[in-house]
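**Student:** Quick check, what structure comes out for this input:
(one chain, ligands or ions: 1)
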Amino acid sequence: MKEFDIRIGLEIHVQLNTKTKMFCSCPNRLEDEPNTNICPICTGQPGILPQPNEEAIFKGILVSRALNSKIPEVLYFSRKNYFYPDLPKGYQITQYGISIGEKGILKVLTPEGIKEYPLERINLEEETAKSYHEGKKVYLDFNRCGIPLLEIVTPPFFTSPKEVGLFLKSLRRVLIYLSVSNCDMEKGEFRVDTNVSVNFKGEKKEHRTELKNLNSLTALKEAISFEIERQRKLLMEGKEVERETRLWDEEKKETRVMRTKEFVEDYRYFPEPDIPPFEIEEKWLLEKLSLLPDYYFDKFIKKGASFKESEILISSPFLAKFCENIFERFPYEKVKGWILTEILQYIDDLESLNSLPFSQEEFVDFLDKITKGEIPRHVGQEMIKKVMVENIPLKELLKSKIEIKKGEEIEGFIRDVIFENEEVVKKIKSGKKSAISFLVGEVMRKVKGKANPKEVKEKIEKALGI
Ligand SMILES: [Zn+2]
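**Tutor:** From the prediction side, this is the model:
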């Protein structure tokens with residue numbers, strides 16, 4: 001069996017959530033009526049003068065800084081010439097030769113810990129129009145044409161679809177933490193093209209294929225796996241792998257040729273003559289970077305969280321910050337269930353979670369009472385349900401007195417339970433001590449949870465003389 005070298009590279013396009021488009025003042029809003037947010041600039045009329053959007057440049061720089069990329073002192077744009085109906089100018093304004101971020105590192109969160117992956121470059125460019133296919137007809141919506149786009153390119157560094165998945169999850173999270181994009185893959189705000197190259201070990205032929213039309217992480221992983229197998233088979237049969245662009249067919253679960261690959265010289269890049277080179281302003285570099293997902297991930301892992309648990313807890317910057325404070329005050333193991341299970345079960349979209357119906361202090365007060373045994377566990381669960389589902393303020397629930405039955409009052413119930421469960425008592429006395437928990441449960445049921453289970457257990461033991 002011959003061995004293979006697998007090399008996978010990524011090209012990610014991210015729509016920036018700026019107020020206006022990249023080179024004109026049209027609103028950056030895709031959801032409006034088609035072709036309403038357009039003007040002569042973004043529809044490529046003759047004689048237009050594009051003006052770069054400062055907010056887009058600022059956000060591009062923010063991403064470059066967060067990804068440890070080198071930011072040049074002077075920026076300029078270039079024209080990439082090609083004809084396609086979704087780009088009426090006949091060229092795209094993009095970056096070539098100089099990028100808003102050069103090289104760079106992304107910290108990828110993996111079950112084995114944080115790993116650093118290299119980035120090739122980050123380019124700032126303009127989006128094309130969106131096309132809708134209906135039978136033989138194609139409809140174009142130019143609301144999308146000219147929206148600022150970041151193109152993030154990696155070297156062919158990955159060796160498996162799984163690695164690619166972890167990388168993309170980490171990248172999306174960083175962009176969400178920086179608030180530069182919502183990164184909704186279904187809406188096309190975060191799109192991934194990939195290139196796959198399989199060689200016999202030691203050989204390095206330049207025959208990579210590019211894969212497009214990957215609308216979800218699952219599709220991406222399936223397409224890469226398919227492509228690795230396809231190329232392996234060709235090599236084993238002694239055939240050549242063509243350099244080409246292939247489309248992923250979601251229904252047939254296979255890739256097929258879209259076009260043979262264009263070479264860079266086909267695009268006749270040249271500097272954009274309508275936008276002179278400009279210097280990076282210091283104010284764009286001074287904004288304080290928000291804490292990134294790896295900071296919280298590392299903290300939670302050190303507190304004892306598993307990889308999966310940490311991933312959930314850092315879903316949104318709000319949740320991560322909220323949990324960080326909680327885990328500073330309580331041992332992780334003691335309180336994790338209250339967040340991971342009790343609260344989060346009521347939340348559908350974790351990524352956009354930016355508030356909870358109670359304050360940090362109220363929740364601390366609640367956990368304090370829980371960990372001290374002042375509120376029995378299942379009463380606590382009911383309280384959380386009331387807060388999350390019925391919108392009853394936690395503060396109010398905490399104020400309403402939970403009568404905890406104590407001392408003699410409990411002893412009456414204990415006597416009843418011992419009387420009613422003769423068989424269990426026999427078992428306990430003959431050495432099966434674990435059966436005590438059954439009796440504790442019975443007492444708790446009788447007092448409707450309003451007792452401290454620890455105290456009940458002690459009293460039962462005392463009553464049974466063990
Ligand atoms: Zn416009």
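
**Student:** Can you verify Glu33 is assigned to a strand?
**Tutor:** No: read with DSSP: H, G, I helix; E, B strand; the rest coil, Glu33 is coil and lies in no strand.

**Student:** Report the secondary structure element holding the residue nearest to Glu342 when sequence neighbours are not counted.
**Tutor:** What sits nearest to Glu342 in space, not counting adjacent residues and going by CB to CB, 6 or more residues apart in numbering, is Ile384, at 4.7 Å. C-beta: built from backbone N, CA, C; applies to glycine. For Ile384, the host element (DSSP states H and E) is helix 377-390.

**Student:** Check which element follows that helix along the chain.
**Tutor:** Later in the chain than helix 377-390, the nearest helix or strand by DSSP H and E is helix 394-399.

**Student:** Could you look up the SS state of whatever residue of the stretch 201-350 of the chain ends up closest to the ion?
**Tutor:** For the stretch 201-350 of the chain and the ion, the shortest gap (CB to the ion) falls at Asp274, measuring 14.6 Å. Secondary structure, three-state DSSP: Asp274 is coil.

**Student:** Hmm, Pro50 and it touching each other?
**Tutor:** Yes: look at Asp274 against Pro50 with CB atoms under 8 Å: they come within range, at 5.7 Å.

**Student:** who has more neighbours, these two?
**Tutor:** Under the criterion of other CB atoms under 10 Å, the comparison of Asp274 against Pro50 puts Pro50 first, with 20 against 12.

**Student:** so that one touches Ser25, yeah?
**Tutor:** No: the pair Pro50 and Ser25 fails to qualify as a contact (CB under 8 Å) at a distance of 11.1 Å.

**Student:** which residues sit in contact with Lys103?
**Tutor:** Contacts for Lys103 (CB atoms under 8 Å, 6 or more residues apart in numbering) come out as 69-70, 118-121.

**Student:** Could you report the separation of the residue nearest to Glu342 from Pro376?
**Tutor:** 13 Å (CB to CB, to the nearest Å).

**Student:** Over to Phe419?
**Tutor:** Look at Phe419 and Pro376: by CB to CB, they are 24 Å apart.

**Student:** Mind checking which of these two has more residues around it?
**Tutor:** Pro376 (20 against 9).

**Student:** What separation is there between the residue nearest to that one when sequence neighbours are not counted and Leu398?
**Tutor:** Counting by CB to CB, 6+ apart, Pro376 lies nearest to Gly449, which is 4.6 Å off, once chain neighbours are set aside. Look at Gly449 and Leu398: by CB to CB, they are 16 Å apart.

**Student:** Next up, the contacts around the closest residue to the ion within the stretch 51-200 of the chain.
**Tutor:** In the stretch 51-200 of the chain, the residue that lies nearest the ion is Gly146 (5.5 Å; CB to the ion). For Gly146, the contact set (CB under 8 Å, 6+ apart) comprises 21-24, 26, 41-42, 126-127.

**Student:** How about it: what's its closest non-neighbour residue?
**Tutor:** The nearest residue in space to Gly146 (CB to CB, 6+ apart) is Cys42, at 3.5 Å.
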